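K.L.:
Sequence first, predicted coordinates after that:
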Amino acid sequence: MKNEMKLTCLIVTVGMAAAPVLARAQDERAFTQLDTTVRLDRGGAVDLSLISGRIRVTGWDQANVKISASIESGLLRFSANSSRVTLSVDDEGNGHYRHRNVGEARFDVSVPRGSHLILEAVSGDVTAKGSQGEIEASSVSGDVDVSDGIRAVSVESVSGSAHAAQVNGNLHAETVSGDLRAENVSGNVQASSVSGDIRLVGIQSRDVRTETVSGNLDYTGTIEPSGRYGFESHSGTLKLNIPRNAGAQFSVETFSGSIDTDFPITLQPGTKRREGHMEFTIGDGRARVTAQTFSGEIIISNGSTTRREDE
Amino acid sequence: MAAVSNAVRVPMGDSADVALAAAGDRQAFERLYRIHANRVFSICARMSGSRVMGEELTQDVFVRTWEKLPQFRGESAFSTWLHRLAVNVVLNARKTEGRRASRTEQSDVEDDRRDEMARAPLHIERMDLQDAISKLPEGARRIFVLHDVEGYKHEEIAGMMGITSGGSKAQLHRARLLLREALER
Amino acid sequence: MTNSNMTCEEFDAALPDYLEGTLDEPLRAAVQKHLSECVRCASLVRDLETIRKNAGALPDLIPSRDLWQGIEARIAAPVIPLAERPEVQRRFVPAWMGVAAAALIVSTAGITYVLTARSLQGAKEQVATLATQGSPIPSKSGSDTGAPQISTEQAPTPADGGGAGSRRPPTGSRMAASDAAAGQNRAGARLAVQQEQSDAVYGREIDMLQKIVTQRKTQLDSSTVAIIERNLQIIDAAIEQSKTALAKDPRSRLLSDQLTHALDKKVELLRTAAFLPAST
């Protein structure tokens, strides 16, 4: 509507109304709250971060960002212009405030569809639904759970779990020890963990790469013509559920693990088959699938469904 | 001719500042405040019968405006929207905050008398209209201000105050009669 | 039928609607007639109409003081100018640590570039031991030339309005090595030499990152530290296993890949730890 204006950017600190900063520092139990609604241009960014607590974002059909946020102790920092809304926890320690004074925060935010979400927590959980835009969500020890992202979605946690669903775009998912799950993704997929298990379901992608060290992988997805699929683990099990009618060249290899496949392997001239290494082709052989472990089992099953799973 | 008809009364910069303020620009919002403050204060002070109360309510109105501005879609002039918001703030101040002034929602005749006497200045021989309005009992005063001062229709007033049109007309008439009485002293 | 003369009481009852203009015609006529004959009622109507007219013409009242201060205090606290607020790397490592880690990436990439160029001379196969290489999925263009791209993740994203892009650790290295791993190495003797060189490269980077992470431990909560250490152990075990097996079968592309992947994972985990937001 009236959006073509040059806008002033401002940063405001929202605290208890009319209470001086010093008084607030002494009052450890004071709650600080922000309830506001601001306009955001289509595709604008919503940048939320907190240390502990919870971030919850929901997409809605209004052109506004509605924020309901509170923090047990400490200050919230808020700034907004027509293309970006930022809410974070003030932790820069001006001498009165240090991290230990920052309590649990709760952000409940509604965002216009198409907004670009940037969500970050340390020990908090991050949830986003219905934004229909790009999403970058991360936590250190909290769980990350997003759905309805488009173009590019990134979910990361260290010890918490990472979950992404209904992604109409590329997915980058990473954990260290937390479990990683994704359902119904239509773009490129990169999923990586060290000891967490990875479960990918309803993937319709031309480029999938997964990597774990000791975590297990369970993959269910389509094999697109000329797609590239690389699965790797050190000691974790790789389980691939491949559509019966797929067309792909498989290169499957393990050092000390075992290989178990449903597919009837027609040995063709030049097909290598030796212990721990199997190369075979199914269908038109247009796609390429590689699966590699050190000691983990590799299981290739074709009883899987090609339908997107609703979860 | 038609193009300019409604735009004339609104200061040129209003819609730009409205957009800026809606997006969070406090300086733009201050400019809006400067333009509309007296108008809002007038509504608040007259409806509440007190300048002191009016000042407090004016601040309430603008704080509320700041919060609600992103929802203003330009279906009416900004000033119209703002005034309606001011009226709501004044009317709701009574409901949510209990007895700010020493009056109840439905004033009855005894209260009127008591209030009028409590507020009647001792030495004024001729009261001007503004003073007389402030001495009206609350219900009558609000409706008089909304109808005769601010130009709202009875249907609108009825809707805003949760009364009937007939009730609004009756209160208005009563207000005018009381004012006439006060002004003739 | 003529209306009998209206009484003043009847007039009073009809007055509100008369003033509103909502009387029906016969009644309105009766009122008009009464007004023409009754001084009291005529005077009343005149006064009420004057009141209405004057009310509508009342000027705006002016507050006794400027109310803006009170309003401003309630909608916001004092504005902190943008310039004063350090937007970069919030809650992360102190600037010097961040710079050190970032410099590491650049220098490492420089070293591996040299490595690769050398290994490409005369060799058809690539060595799958590059430490860092540009960004993963989106830009594959560089890999066609065989030369590694220097990680470009340090550049702040312009659209982020000042710094948000820079707070994220470079994602360039993650999964990127699998690009290189796809280029299988089958050279024989050359392998061992190149292995040593890549060990050196990795070793340097890992050491540097390890120092940073150790220094950061106090900023991270203990359970996170424990998890990172546990997972580093898992990766170290994988590295050891791969190395041991590779020593017995240096030609194994699989084992070489596995080792590379494990080393990459270690670097990646250390980097993640180095760039984690502080929790305490």
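P.N.:
Here it is on my side, so go on. Numbering: from 1, shown residues only, chains lettered A, B, ... in the order given.
K.L.:
could you measure C:G21 against C:L35, distance?
P.N.:
Relative to C:L35, C:G21 is positioned 15 Å away (CB to CB, to the nearest Å). C-beta: built from backbone N, CA, C; applies to glycine.
K.L.:
So which of those two has more stuff around it?
P.N.:
C:L35 (18 against 7; other CB atoms under 10 Å in any protein chain shown).
K.L.:
Now whichever strand or helix holds the more buried one: average pLDDT?
P.N.:
Using DSSP states H and E, C:L35 sits within helix C:25-37. The average pLDDT for helix C:25-37 rounds to 92.
K.L.:
Can you list the buried residues in that helix?
P.N.:
If you call a residue buried by 16 or more other CB atoms under 10 Å in any protein chain shown, then helix C:25-37 has these buried ones: C:L27, C:A30, C:V31, C:H34, C:L35.
K.L.:
Among those residues, list the two that are farthest apart in space.
P.N.:
Across those, the two members that end up farthest from each other (CB to CB) are C:L27 and C:L35, 12.6 Å apart.
K.L.:
Now the common contact residues for those two.
P.N.:
Here C:L27 and C:L35 share no contacting residue, scored by CB atoms under 8 Å, 6 or more residues apart in numbering or on different chains.
K.L.:
So for stretch A:286-294, what gets flagged as buried?
P.N.:
Going by 16+ other CB under 10 Å, stretch A:286-294 has these buried residues: A:A287, A:R288, A:V289, A:T290, A:A291, A:Q292, A:T293, A:F294.
K.L.:
how about these in a markdown table, adding pLDDT, distance to A:S159 and secondary structure?
P.N.:
Below are the buried residues of stretch A:286-294 laid out as a markdown table (pLDDT from 0 to 100; distance: CB to CB, whole Å; DSSP: H, G, I helix; E, B strand; the rest coil):
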| residue | pLDDT | distance to A:S159 | secondary structure |
| --- | --- | --- | --- |
| A:A287 | 94 | 35 | strand |
| A:R288 | 94 | 34 | strand |
| A:V289 | 95 | 31 | strand |
| A:T290 | 95 | 29 | strand |
| A:A291 | 96 | 27 | strand |
| A:Q292 | 95 | 26 | strand |
| A:T293 | 94 | 24 | strand |
| A:F294 | 93 | 24 | coil |
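K.L.:
What is the nearest of those to A:Q249?
P.N.:
Out of these, the one with the shortest distance to A:Q249 is A:R288. That distance is 5.2 Å, counting by CB to CB.
K.L.:
A:E224 is in contact with the closest one, correct?
P.N.:
No: the pair formed by A:R288 and A:E224 falls short of the contact definition of CB atoms under 8 Å, at 11.0 Å.
K.L.:
Find residues that contact each of these two.
P.N.:
The overlap between the contact sets of A:R288 and A:E224 (CB under 8 Å, 6+ apart) is empty.
K.L.:
Was I right to think C:G70 contacts B:V61?
P.N.:
No: taking CB under 8 Å as the contact criterion, C:G70 and B:V61 are not neighbours in contact, 11.6 Å apart.
K.L.:
who's more crowded, these two?
P.N.:
Shown here are C:G70 and B:V61; by other CB under 10 Å, B:V61 has more neighbours (29 against 17).
K.L.:
any idea how far the more buried one lies from C:A245?
P.N.:
Computed with CB to CB, the distance linking B:V61 and C:A245 is 77 Å.
K.L.:
And whatever helix or strand B:M53 lives in, what does it pack against?
P.N.:
Under the assignment given by DSSP H and E, the secondary-structure element containing B:M53 is helix B:51-68. Under the contact criterion of 3 or more CB pairs under 8 Å, 6 or more residues apart in numbering or on different chains; DSSP states H and E, helix B:51-68 touches strand A:32-39, helix B:26-48, helix B:78-97, helix C:68-75.
K.L.:
May I see the ones you listed arranged in TSV, with mean pLDDT as well?
P.N.:
Formatted as TSV, the entries for the helices and strands packed on helix B:51-68 read as follows, by pLDDT from 0 to 100:
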stretch	mean pLDDT
strand A:32-39	89
helix B:26-48	92
helix B:78-97	80
helix C:68-75	87
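K.L.:
ok so A:H163 is a helix residue?
P.N.:
No: following the definition DSSP: H, G, I helix; E, B strand; the rest coil, A:H163 is strand and is not counted among the residues of a helix.
K.L.:
check contacts around C:L23.
P.N.:
Listed by CB under 8 Å, 6+ apart, the contact partners of C:L23 are C:A14, C:D17, C:V31.
K.L.:
Now the phi/psi pair for it, please.
P.N.:
Summarising the backbone geometry of C:L23 under the convention degrees, to the nearest 10, its torsions are phi -80, psi 150.
K.L.:
Show me chain C divided up by domain.
P.N.:
The domain map for chain C lists C:8-56, C:84-275, with the assignment taken from automatic domain parsing.
K.L.:
How many residues are close by B:N38?
P.N.:
Using other CB under 10 Å as the criterion, B:N38 is surrounded by 15 other residues.
K.L.:
and the closest residue to it other than its chain neighbours, how far is that from B:L146?
P.N.:
If the residues on either side of it in the chain are set aside, B:N38 comes closest to C:D60, at 4.1 Å by CB to CB, 6 or more residues apart in numbering or on different chains. Counting by CB to CB, the gap from C:D60 to B:L146 is 16 Å.
K.L.:
picking that back up, what's the least confident stretch among the domains of chain C?
P.N.:
Within those, confidence is poorest for domain C:84-275, with a mean of 59 (mean pLDDT).
K.L.:
coming back round to it: for the buried residues of stretch A:286-294, which one is nearest chain B?
P.N.:
Lowest distance from chain B to the buried residues of stretch A:286-294 (CB to the nearest CB) belongs to A:A287, with 48.5 Å.
K.L.:
ok, that closest one touching A:G230?
P.N.:
No: checked against CB under 8 Å, the pair A:A287 and A:G230 is beyond contact range at 11.4 Å.
K.L.:
So C:D60 and B:L146 - more neighbours on which side?
P.N.:
B:L146 (26 against 12).
K.L.:
And the residue nearest the centre of the chain?
P.N.:
Chain wasn't specified; assuming chain A. Among the residues of chain A, the smallest C-alpha distance to the mean C-alpha position (CA atoms, centre = their mean) belongs to A:V155, namely 2.0 Å.
K.L.:
not what I meant, chain B
P.N.:
B:I43 (2.8 Å).
K.L.:
What is the burial count for the nearest residue to A:S258 once chain neighbours are set aside?
P.N.:
Counting by CB to CB, 6+ apart, A:S258 lies nearest to A:E297, which is 5.2 Å off, once chain neighbours are set aside. The burial metric for A:E297, expressed as a neighbour count using other CB under 10 Å, is 17.
K.L.:
who touches stretch C:218-230?
P.N.:
When contacts are taken as CB under 8 Å, 6+ apart, the neighbours of stretch C:218-230 outside the stretch itself are A:123, A:140-141, A:158-159, A:176-177, A:195, C:93, C:213, C:217, C:269, C:272-273, C:276, C:278-280.
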